[in-house]
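Enquirer: Here is a sequence together with a model predicted from it:
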Amino acid sequence: MRLTDATRPTLTTATSFNIYVNHYVEVTIGSLMLLTGTNGTVPIDFFTSANLSELECILPLPVNRLSNLSVEPLAPERAAVALLMQDANTALLTFTVTNGNSLQGTQKLARLNFQTAAAQNSAFVPLQFSSVDATAVAEDVDPTILLNDGRLTILGTQPLIEALRTSAGRELVLYGRPGALLTIQSRFGMTGAWANRTSFTMTNMSRVVPAPSAAAPIIYFRLRQ
């Protein structure tokens, strides 16, 4: 690095330094929309800049919403994958290298399989790792852990509505069973009568509609079926 004085260009100084970037492991679990009483699967992928011999991930799961949990290995010749329920609502996923291999770079090694309970309300169910522990081949490497959460959108008989802010502006996302007639209602403030804004027949399980601009007064929305 070289520094100069704009008013006195003859005055200069220089120094050097090193920048060290720590190794990291980035773990990602997928998202899915599905109906109650159906089977689903989400991928569990990770990227590691360090050579790993093992990776352990703890994933809380609502046992009242999901059942028949299992993990499906996608590359058993490279890594064994195991699922152990630590308690009724906590799964421990372990990735262990096989045949003297090591894990580095992008890894697509497993899918989490499950069934949604039939008798449940519609809900957004977060898939969030509570902890991840990476064992590096080099004992002096302690990688930084980055987590990318997923989500299950489980649809029963009731619809769901979600407000989002995107680069294109504000929008509403409607979730409901295909064939259902959904009506968006709104009102200004916490009290007062709800007014119908628009209705849609769902052709898929989700639909995006524009929301009022950010300059509009505060509006409350709800969804009726």
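Expert: That came in fine, so what should we check first?

Enquirer: going forward, measure contacts between C-alpha atoms and count neighbours the same way
Expert: Noted.

Enquirer: what is Thr116 paired to in the beta sheet?
Expert: In this entry, Thr116 is beta-bridged to Leu66, by DSSP bridges.

Enquirer: neighbours of it, just the number please.
Expert: Applying other C-alpha atoms under 10 Å, we find 23 residues neighbouring Thr116.

Enquirer: So Leu103 is in contact with Thr96, correct?
Expert: No: under the criterion of C-alpha atoms under 8 Å, Leu103 is not in contact with Thr96, lying 9.0 Å apart.

Enquirer: Need the residues touching each of these two.
Expert: Common neighbours of Leu103 and Thr96, using C-alpha atoms under 8 Å, 6 or more residues apart in numbering, are Ser53.

Enquirer: Please tell me how far the residue nearest the centre of the chain sits from Ala193.
Expert: Closest to where the C-alpha atoms of the chain average out (C-alpha atoms, centre = their mean) is Gly150, at 2.0 Å. Noted for Gly150: a distance of 36 Å to Ala193, by C-alpha to C-alpha, to the nearest Å.

Enquirer: ok so, going back, need phi/psi at the residue nearest to the centre of the chain.
Expert: Main-chain torsions, Gly150, degrees, to the nearest 10: phi -120, psi -170.

Enquirer: so what's it up against?
Expert: Counting by C-alpha under 8 Å, 6+ apart, Gly150 has contacts Thr28, Ile29, Gly30, Ser31, Pro126, Leu127, Gln128.

Enquirer: Same question for Phe47.
Expert: So Phe47 contacts Val25, Glu26, Val27, Gln104, Gly105, Thr106, Gln107 (C-alpha under 8 Å, 6+ apart).

Enquirer: Can I get the residues you listed in JSON lines including pLDDT?
Expert: Converted to JSON lines, the contacts of Phe47 look like this (pLDDT from 0 to 100):
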{"residue": "Val25", "pLDDT": "94"}
{"residue": "Glu26", "pLDDT": "96"}
{"residue": "Val27", "pLDDT": "96"}
{"residue": "Gln104", "pLDDT": "92"}
{"residue": "Gly105", "pLDDT": "94"}
{"residue": "Thr106", "pLDDT": "94"}
{"residue": "Gln107", "pLDDT": "93"}
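
Enquirer: Name every strand pairing with the longest strand along the chain and say which way it goes.
Expert: Counting by DSSP state E, the longest strand found in the chain is strand 39-60. With DSSP bridges as the test, strand 39-60 is paired with strand 24-29 (antiparallel), strand 90-97 (antiparallel), strand 103-116 (antiparallel), strand 131-136 (antiparallel).

Enquirer: will you turn these into TSV that also has distance to Ser53?
Expert: Listed next are the strands paired with strand 39-60 as TSV, based on distance: least, C-alpha to C-alpha, whole Å:
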stretch	distance to Ser53
strand 24-29	13
strand 90-97	6
strand 103-116	6
strand 131-136	6
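
Enquirer: of these, which approaches Glu171 most closely?
Expert: strand 24-29 (24.9 Å; C-alpha to C-alpha).

Enquirer: Show me the domain layout of the protein.
Expert: According to automatic domain parsing, the chain comprises the domains 24-154, 159-224.

Enquirer: Span of the longest one from start to end?
Expert: Spelled out, that is domain 24-154. Domain 24-154: ends 33 Å apart by C-alpha to C-alpha.
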